[in-house]
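Asks: sequence below, structure please.
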Amino acid sequence: MMSGTGNAVADNLVRLRPEKDVGRASERKWGIRGGITLGFRVVPSLLLRTQNCLGLNPTQFAVLMQVRDFWWERGLKPYPGKAVLAERLDLSARQVRRDIADLETAGLFKHFERRATHAES
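Replies: This next block holds a predicted model:
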């Protein structure tokens, strides 16, 4: 009797540990059904533990975490619009601009000019 996946290598592997259902463990931990399907971001504990030492107020930290949600790969810079950040945080776009300026002054953000790439014909 074959109970395979259709992948010869996978079907012949000996499982040393039972596979965990990460989604269900997250649901139990956070109480959000299906929440893991929206994704998650790794945040260094050092950043969480040194928020006060870095001089970040709660709003600046929230802006930093929201921008982090847009950063998928090391080489690709996150470019969320200030209006999107303002909406997510229930702040004015002006407040978001001030917080980003403060984060840039503190050396925690670096502004990169967005440039559209145009296809050549």
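Asks: any idea how many residues pack against Leu56?
Replies: When neighbours are defined as other C-beta atoms under 10 Å, Leu56 has 20 of them. Where C-beta positions appear, they are placed from N, C-alpha and C, glycine not excepted.
Asks: ramachandran coordinates for it?
Replies: Dihedral angles of Leu56 (phi, psi; degrees, to the nearest 10) stand at phi -90, psi 120.
Asks: I'd like the numbering to begin with 25 instead of 1 from here.
Replies: Sure, I'll start counting at 25 from here, so that last one is Leu80.
Asks: apart from its neighbours in sequence, what residue is nearest it?
Replies: Spatially, and ignoring its direct neighbours in sequence, Leu80 is nearest to Leu88 (7.0 Å; C-beta to C-beta, 6 or more residues apart in numbering).
Asks: repeat that for Lys134.
Replies: Counting by C-beta to C-beta, 6+ apart, the nearest residue to Lys134 once its immediate chain neighbours are dropped is Glu128, at 6.9 Å.
Asks: if I pick the residue nearest to Leu80, what's in contact with it?
Replies: Shown in contact with Leu88 (C-beta atoms under 8 Å, 6 or more residues apart in numbering): 71, 80, 127, 132-133.
Asks: that one and Pro82, how far apart?
Replies: With distances taken as C-beta to C-beta, to the nearest Å, Leu88 is found 11 Å from Pro82.
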